[in-house]
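Visitor: no sequence for this one, just the structure:
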């Protein structure tokens, strides 16, 4: 589960991770009030969407006057922001973060993730902050530091010093970085996060460390344990079909092809999409109906697939040893019968209960 930058920064404050003073607004009137509550020479006006790359497409602007802030807010609110991380439709801008600007001396990158291969938490740090970390890793891998945290030992002071020395931090900055990393670690564990990213983490002209941007992802499977985190969910930023799928306990992900896929089992579903691609097609979705599915769930799954206007054909690939083929057939034909003008039928079932 993703959350907005302003929500992530509030969690940062709770865990003593320093962030700039800011205010989130949903109207020009609120923006006018927010500017006067945030005395500064200039302000960053930041569209709140669940995607990176905002600054490259006008989703982050610097304004030097109250009028410029209000004008930027008016221009952004209600628009769809399209970045390299969104679909062609983009994401709606329903709220905007207004933030005091900071005099920046240097920019760093710092994140905390789960390394499943090492079976440990991993801090990733770089002196090349404010940039696409994947591009940095590809072009200058020597600028990337990976620091593994043993789950039994936890974060150690010497590990914080390793990153501090790489960042060329001095004196009180060492303590500040230790506190910041400890806060990230505690937040990660307390809230069952899957990623915490600060890009950029900046050193100000006065020597302070500030998280200028904030991104937190949470483990979907653990959200039920954290009602406070679940309350931060913004379904307007999520795919409508994917939200519907969750209501029926279906694993569905929207893609951009024209061949719908309905499969049971995640592994078989991915193999099916690979096969479609290998034969020159493009999958329109990932859909795993699961092993304990019902006629009703299959019907809803088929409805999800055909609700995508780009879908020209539907490939159903079911392993009959896991789920009854007659369940798949009845559920599929319920939907097909209701969409006779849109769908043609050409099906073959083999295996159990055909």
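Guide: Perfect, thanks for sending it. Computed from a predicted structure; not experimentally measured. Numbers count the residues shown, from 1 in each chain.
Visitor: now the strand or helix carrying residue 67: mean pLDDT?
Guide: Assessed by DSSP states H and E, residue 67 sits inside helix 66-76. For helix 66-76, the mean pLDDT works out to 97.
Visitor: same for it, what does it pack against?
Guide: helix 28-37, strand 43-47, strand 60-63, strand 96-100 (3 or more C-beta pairs under 8 Å, 6 or more residues apart in numbering; DSSP states H and E). C-beta here means a position set from N, CA and C on the backbone, and glycine is covered the same way.
Visitor: Buried ones in the longest helix along the chain, by neighbour count?
Guide: Ranked by residue count and defined by DSSP state H, the top helix of the chain is helix 172-190. Neighbour-count burial for helix 172-190, counted by 16 or more other C-beta atoms under 10 Å, picks out 173-174, 176-188.
Visitor: now swap in stretch 30-49 and tell me
Guide: Buried residues in stretch 30-49, counting neighbours by 16+ other C-beta under 10 Å, are found at 30-31, 34-35, 38, 43-49.
Visitor: Can you spell out which helices and strands pack onto the longest helix of the chain?
Guide: Applying 3+ C-beta pairs under 8 Å, 6+ apart, one finds that helix 172-190 contacts helix 5-14, strand 104-115, strand 120-126, helix 157-166, strand 193-204, strand 209-211.
Visitor: CSV please, covering those and showing mean neighbour count and mean pLDDT.
Guide: Output for these, formatted as CSV (neighbours: other C-beta atoms under 10 Å; pLDDT from 0 to 100):
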stretch, mean neighbour count, mean pLDDT
helix 5-14, 19, 98
strand 104-115, 18, 96
strand 120-126, 20, 96
helix 157-166, 15, 95
strand 193-204, 22, 97
strand 209-211, 21, 98
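Visitor: so residue 232, which of the three states?
Guide: Here residue 232 is recorded as coil under DSSP: H, G, I helix; E, B strand; the rest coil.
Visitor: which intervals of the stretch 251-354 of the chain have sub-threshold pLDDT?
Guide: Residue ranges of the stretch 251-354 of the chain with pLDDT under 70: 339-354.
Visitor: quick one: the helices in it?
Guide: For the stretch 251-354 of the chain, applying DSSP state H, counting those that start in this stretch gives helices covering 266-278, 295-306, 325-338.
Visitor: Quick check: which of these is buried the most?
Guide: Of all the helices of the stretch 251-354 of the chain, helix 295-306 has the most neighbours on average by mean count of other C-beta atoms under 10 Å, namely a mean of 21.
Visitor: got the contact list for that one?
Guide: Contact partners of helix 295-306, identified using C-beta atoms under 8 Å, 6 or more residues apart in numbering, comprise 241, 244-245, 248-250, 252, 260-262, 284-285, 287, 289-290, 293, 311, 314, 327-328, 330-332, 334-336, 339, 342-343.
Visitor: are any of those buried, and which?
Guide: Burial by neighbour count, 16+ other C-beta under 10 Å: within these this picks out 241, 245, 248, 250, 252, 260-262, 284-285, 287, 289-290, 293, 311, 314, 327-328, 331-332, 334-336, 343.
Visitor: Just those: which are in strands?
Guide: Using DSSP state E to define strands, the subset of the buried ones among the contacts of helix 295-306 located there is 252, 260-262, 285, 287, 314.
Visitor: could I get these as TSV with distance to residue 87?
Guide: Formatted as TSV, those follow (distance: C-beta to C-beta, whole Å):
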residue	distance to residue 87
252	15
260	17
261	18
262	21
285	13
287	17
314	21
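Visitor: And the furthest pair within those residues?
Guide: 252 and 314 (13.4 Å; C-beta to C-beta).
Visitor: quick one on the thing from earlier: distance from the longest helix of the chain to the middle of the chain?
Guide: Here helix 172-190 is found 22 Å from its chain centre; the criterion is C-alpha atoms, centre = their mean, to the nearest Å.
Visitor: same deal with stretch 19-39?
Guide: Distance, centroid of stretch 19-39 to centroid of chain: 25 Å (C-alpha atoms, centre = their mean).
Visitor: what does stretch 251-263 give?
Guide: Averaging C-alpha positions (C-alpha atoms, centre = their mean) puts stretch 251-263 19 Å from its chain's average.
Visitor: contacts for it?
Guide: By C-beta under 8 Å, 6+ apart, the residues outside stretch 251-263 that reach it are 87-88, 239, 241-242, 245, 266, 269, 272-273, 276, 281-290, 298, 301-302, 304-306, 308, 310-318, 328, 332.
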